[in-house]
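Trainee: When you get a sec, could you give me coordinates for this:
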Amino acid sequence: MQSRRRFLKNTSLVSAGILLSSCEFGATSKKAGIQLYSLRDIIGKDVKGTIAAVSAAGYKEVEMYGLSADQQFFGWKVKEFAALLQQHQLTSPSGHYAPEKFLYENGSGDEVKQLCDIARGMGHRYIVIPWLEEEKRKTIDQYKQLAELMSKAAVICKAEGIELAYHNHDFEFADINGQKGYDILLKETDPDMLKMELDLYWVVKAGYDPVEIFKAYPGRFPMLHVKDMDKVDNTKNTEVGNGSINFKKIFEHASNAGVKHYYVEQENNYQPDILGSINSSSSFLRKKLF
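Mentor: Just a heads-up that it's a prediction; the model follows:
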């Protein structure tokens, strides 16, 4: 029979091992994701090859875009594309879809339900509204109307087992008679119903600090677009880690913000090319930020 001292020693070693495993898991539990819009110039030409390259670059999650009128992604049916992602050990927690008739024409909920069907087929948790038509967001009253319609759409989504979220650009932060459209969307909607996907580049481009937004609206941001800003020309993107945005500072507040998904996005200025660019961003995100 082992001595009490040896028992305690062994127990301590086991406990330390459990703690170490837990710490290691915590350090690697974040998954690198990518918004497929970053690959818009090549994905339609070679869907299989592009998705294989995304997986090879170390990404584990993809955010969809580009649903066609006949409900296909780049010529692939929903089930086919979902199976392709699964083949490469990729999941898709969210996608960019615009319920345009519902938001702009106050249409029926059928359009929203159809998007929920697509979302379930892709394994999404979130449907993300990616853009607002310029003519529909010029006044505070218009933003209030949009907030009301988003709230109604969120209720429909919730009943379908999906959550609704909104993705910003910089126009939401423009001053409109002393108010900002982004604040209206946040304040005029239920935090438990409408979530936010914060695009870090556009927030910084608009002159605001993402950390301060996190503090003002804690728990509201399950998704981030990790998009860097070129150091010379702030109208251009660059590979994550090559630009001027302090992601390390921002990520220190990610827990308070409620962040669960980190999507690299780059829309232009790829170096040395698109695939080289997404590889560079993935490496920096995984090795330097997670």
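Trainee: Can you pull out the low-pLDDT segments for the stretch 101-250 of the chain?
Mentor: Within the stretch 101-250 of the chain, not a single segment meets pLDDT under 70.
Trainee: so G181 sits right up against R137, yeah?
Mentor: Yes - the criterion here is C-beta atoms under 8 Å, and G181 meets it with R137 at 6.1 Å. C-beta here means a position set from N, CA and C on the backbone, and glycine is covered the same way.
Trainee: if you count what's nearby, which of those two comes out ahead?
Mentor: It is G181, of G181 and R137, that has more neighbours when counted by other C-beta atoms under 10 Å, with 24 against 20.
Trainee: ok, now which ones touch the more buried one?
Mentor: R137, I140, Y143, F171, E172, F173, A174 (C-beta atoms under 8 Å, 6 or more residues apart in numbering).
Trainee: any idea how far the fifth one lies from D70?
Mentor: In this structure, E172 and D70 are 31 Å apart, going by C-beta to C-beta, to the nearest Å.
Trainee: ok, now the last one?
Mentor: Separation of A174 from D70 (C-beta to C-beta): 36 Å.
Trainee: which one of the two has more residues nearby?
Mentor: Neighbours per residue, other C-beta under 10 Å: of A174 and D70, the larger number sits with A174, 13 against 7.
Trainee: Report the contact partners of that one.
Mentor: A174 neighbours (C-beta under 8 Å, 6+ apart): K180, G181, A206.
Trainee: Just the ones of the residues you listed in strands?
Mentor: K180 (DSSP state E).
Trainee: And for V232, the neighbour number?
Mentor: Neighbour number of V232 under other C-beta under 10 Å is 9.
Trainee: you'd agree it is in a strand?
Mentor: No - under DSSP: H, G, I helix; E, B strand; the rest coil, V232 falls outside any strand and is assigned coil.
Trainee: Adding distance to N279, write the contacts of A174 out as a markdown table.
Mentor: Shown next, in a markdown table, are those (distance: C-beta to C-beta, whole Å):
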| residue | distance to N279 |
| --- | --- |
| K180 | 36 |
| G181 | 36 |
| A206 | 29 |
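Trainee: can you give me the helices for this structure?
Mentor: Here the chain has its helices, by DSSP state H, at 4-28, 47-56, 78-87, 100-105, 110-122, 140-159, 181-187, 200-205, 210-216, 247-251, 254-257, 274-284.
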